[in-house]
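Peer 1: After the sequence you'll find the predicted model.
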Amino acid sequence: MSDVGAVLEVIREEYEQARTRWPALNTRHEGYAVILEEMDELWDAVKCQDAVRCFEEAVQVGAMVVAFLVEVVGD
């Protein structure tokens, strides 16, 4: 997927779906930890050279960055 708008839409959908499963982030430390965990999962996908999993994990990283910006920094 090379269309920026389409990628951002996928990230937005992932963010909204995550909020139906888990509560909002409470602190910058929690947000950082969640982003780091998602980055570790992305790194595992990169090492496995799994392009589909890399995309999925990168979307989750993006969604948690959005969560950090909206829920923690945006206050």
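Peer 2: Great, that's in hand.

Peer 1: contacts and neighbour counts: CA atoms only from here.
Peer 2: Will do.

Peer 1: how near is Gly74 to Arg28?
Peer 2: Applying Cα to Cα, to the nearest Å, the value for Gly74 to Arg28 is 11 Å.

Peer 1: Now for Gln49, how many residues are close by?
Peer 2: 11 (other Cα atoms under 10 Å).

Peer 1: Make 550 the first number, not 1, from now on.
Peer 2: Sure, I'll start numbering at 550, so the last one becomes Gln598.

Peer 1: show me where pLDDT drops low in the chain?
Peer 2: 624 (pLDDT under 70).

Peer 1: switch to 80 and redo it
Peer 2: In the predicted model of the chain, residues 550-551, 623-624 satisfy pLDDT under 80.

Peer 1: out of Gly623 and Arg577, which sits in the busier spot?
Peer 2: Ranked by neighbour count (other Cα under 10 Å), Gly623 and Arg577 place Arg577 first, with 14 against 8.

Peer 1: Is there a neighbour count for the residue lying closest to that one once chain neighbours are set aside? I'd like the number.
Peer 2: Ranked by Cα to Cα, 6 or more residues apart in numbering and with sequence neighbours excluded, the top spatial neighbour of Arg577 is Val621, at 6.0 Å. Other residues near Val621 come to 17 when the count uses other Cα under 10 Å.

Peer 1: ditto for Leu591
Peer 2: Using other Cα under 10 Å, Leu591 has 22 other residues around it.

Peer 1: Identify the residue nearest it in space, chain neighbours excluded?
Peer 2: Closest to Leu591 by Cα to Cα, 6+ apart is Glu606, at 5.0 Å.

Peer 1: Could you do Val622 as well?
Peer 2: Excluding its sequence neighbours, the residue lying closest to Val622 (Cα to Cα, 6+ apart) is Arg577, at 7.5 Å.

Peer 1: re earlier: quick one: the residue nearest to Arg577 and Thr576 touch, right?
Peer 2: Yes: using Cα atoms under 8 Å, Val621 is in contact with Thr576, at 6.0 Å.

Peer 1: I'd assumed Val614 was in contact with Val583.
Peer 2: No: between Val583 and Val614 there is no contact under Cα under 8 Å: 9.1 Å.

Peer 1: sorry, back to before: run a quick neighbour tally on the residue nearest to Leu591.
Peer 2: By other Cα under 10 Å, 21 other residues sit near Glu606.

Peer 1: Cool, thanks, signing off.
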